[in-house]
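Trainee: got a predicted model here, sequence first, then my questions.
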Amino acid sequence: MTGWIYNKKILTWVKEDNEDLRNWLACHYDSYSNYFKFPDATLDSFIRDEIKRISDNQDSQKVNLDKLYKAWKSYERGLKNTSNKVCKLQLEVSRSARDKLKALSDADEISQSKYIEKLINYARKNPKLISKDTKVQEPYKHKQRAFDDSSNIKAIREDLSTIDGKITRLLSALGE
């Protein structure tokens with residue numbers, strides 16, 4: 001076992017007890033289930049063998065390993081965001097508001113998105129400080145329309161009977 005791919009330092013991010021990584025690799029590699037039929041198979045050895053299988057030289061191994069690492073980290077961030085109930089929000093603000101936000105976030109030494117998150121949490125906890133007329137809104141409830149109201153049914157029947165009468169008159173006028 002010689003070569004760059006077998007260096008112990010390249011897969012320090014792989015933990016053998018990481019079930020999320022195991023599931024992710026199983027979804028992305030068809031050979032995963034066959035590989036783990038052997039008792040001495042590990043995540044580390046699976047990744048090394050897959051990278052070696054799809055790459056012909058050391059440079060392509062580095063590129064493919066980097067792609068694998070970035071794809072895993074992106075998926076892992078998605079898992080964390082899902083568990084923390086994080087969603088993306090896109091805001092369109094004026095240049096002056098953006099400049100103020102940048103200055104305030106730089107003063108607190110945090111990112112603009114974290115600063116906006118802090119502002120939202122502050123506004124949620126202190127609505128009266130933001131505006132005296134602010135009321136905490138209840139979550140929107142979707143209302144379903146019901147047709148069991150007898151007055152609605154009666155009005156619809158009357159409309160249908162007048163339409164029926166008009167059609168009868170038109171037909172009789174055409175027949176004459």
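Mentor: On my side now, so go ahead. Numbers count the residues shown, from 1 in each chain.

Trainee: could you use CA atoms for every contact and neighbour count after this?
Mentor: Fine.

Trainee: tell me which residues in stretch 24-38 are buried?
Mentor: Along stretch 24-38, the positions that meet the burial threshold by neighbour count (16 or more other Cα atoms under 10 Å) are 25, 32, 35.

Trainee: for stretch 164-176, same thing?
Mentor: Under 16+ other Cα under 10 Å, stretch 164-176 has no buried positions.

Trainee: which residues touch stretch 54-71?
Mentor: Under the criterion Cα atoms under 8 Å, 6 or more residues apart in numbering, residues 4-5, 51-52 lie in contact with stretch 54-71.

Trainee: let me fix that: stretch 113-124
Mentor: The contact list for stretch 113-124 (Cα under 8 Å, 6+ apart) reads 101, 104-105, 129-130.

Trainee: go through it and flag the buried ones.
Mentor: Counting neighbours by 16+ other Cα under 10 Å, one finds that the buried residues in stretch 113-124 are Tyr115.

Trainee: mean confidence for that stretch?
Mentor: When pLDDT is averaged over stretch 113-124, the result is 82.

Trainee: quick one: that stretch to chain centroid distance?
Mentor: The chain centroid and the centroid of stretch 113-124 are separated by 20 Å, computed with Cα atoms, centre = their mean, to the nearest Å.

Trainee: again, but for stretch 16-24
Mentor: For stretch 16-24, the distance to the chain centre is 21 Å (Cα atoms, centre = their mean).

Trainee: please apply the same query to stretch 44-55.
Mentor: 30 Å.

Trainee: now swap in stretch 120-132 and tell me
Mentor: 27 Å.

Trainee: equivalent analysis for stretch 154-161, please.
Mentor: Shown here is stretch 154-161, whose average C-alpha point lies 48 Å from the average C-alpha point of the whole chain (Cα atoms, centre = their mean).

Trainee: noted, bye for now.
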